[in-house]
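Enquirer: Attaching a predicted model along with its sequence, questions to come.
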Amino acid sequence: MSVKANRAAVGATVSRARMYEVIRSPLITEKTTNGSEHGQVTFRVASDATKPEIKQAVEGLFKVKVKAINTVTVKGKKKVFRGRPGVRSDWKKAIVSLVEGHKIDVTTGL
């Protein structure tokens, strides 16, 4: 069984260290700020993180209830650096919808 499939097993709990690996940073843009008015918070997450892992990490670190999670793998842009073409790394973001009455203030630290 692969590591990813092992982590996604039903009832498996995520360790505190893995929670901090899964949730990299909050994503603060105009679009995510508008989402926060509707009970959504957006995070940059580990590329190998699964939706159940992300849910456990958010609920464990921020003490809130998660209603739904949507994930997107953002493809890296093609860029030119010192005249040489290159590609930025792909990364993953998670849009976390919270249960009514719960909220996360991303401007404060953990």
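Expert: Everything's here; your move. Keep in mind the model is a prediction, meaning the values are calculated, not measured.

Enquirer: what's the burial count for residue 34?
Expert: 10 (other C-beta atoms under 10 Å). (C-beta placed from N, C-alpha, C; glycine too.)

Enquirer: in which helix or strand would I find it?
Expert: helix 30-36 (DSSP states H and E).

Enquirer: buried residues in the helix or strand where residue 61 lies?
Expert: Assigned by DSSP H and E, residue 61 belongs to helix 51-62. Neighbour counts over helix 51-62 (16 or more other C-beta atoms under 10 Å) mark 51, 53, 54, 55, 56, 57, 58, 59, 60, 62 as buried.

Enquirer: low pLDDT regions in this structure?
Expert: The model of the chain has pLDDT under 70 over residues 1-11, 109-110.

Enquirer: now the helices for it?
Expert: Secondary structure of the chain (DSSP state H): helices at 3-7, 16-22, 30-36, 51-62.

Enquirer: Check which helices and strands the helix holding residue 34 sits against.
Expert: strand 40-45 (3 or more C-beta pairs under 8 Å, 6 or more residues apart in numbering; DSSP states H and E).

Enquirer: contact partners of the strand it packs on?
Expert: 22-27, 29, 32, 35, 54, 58, 71, 91-98, 104, 106 (C-beta atoms under 8 Å, 6 or more residues apart in numbering).
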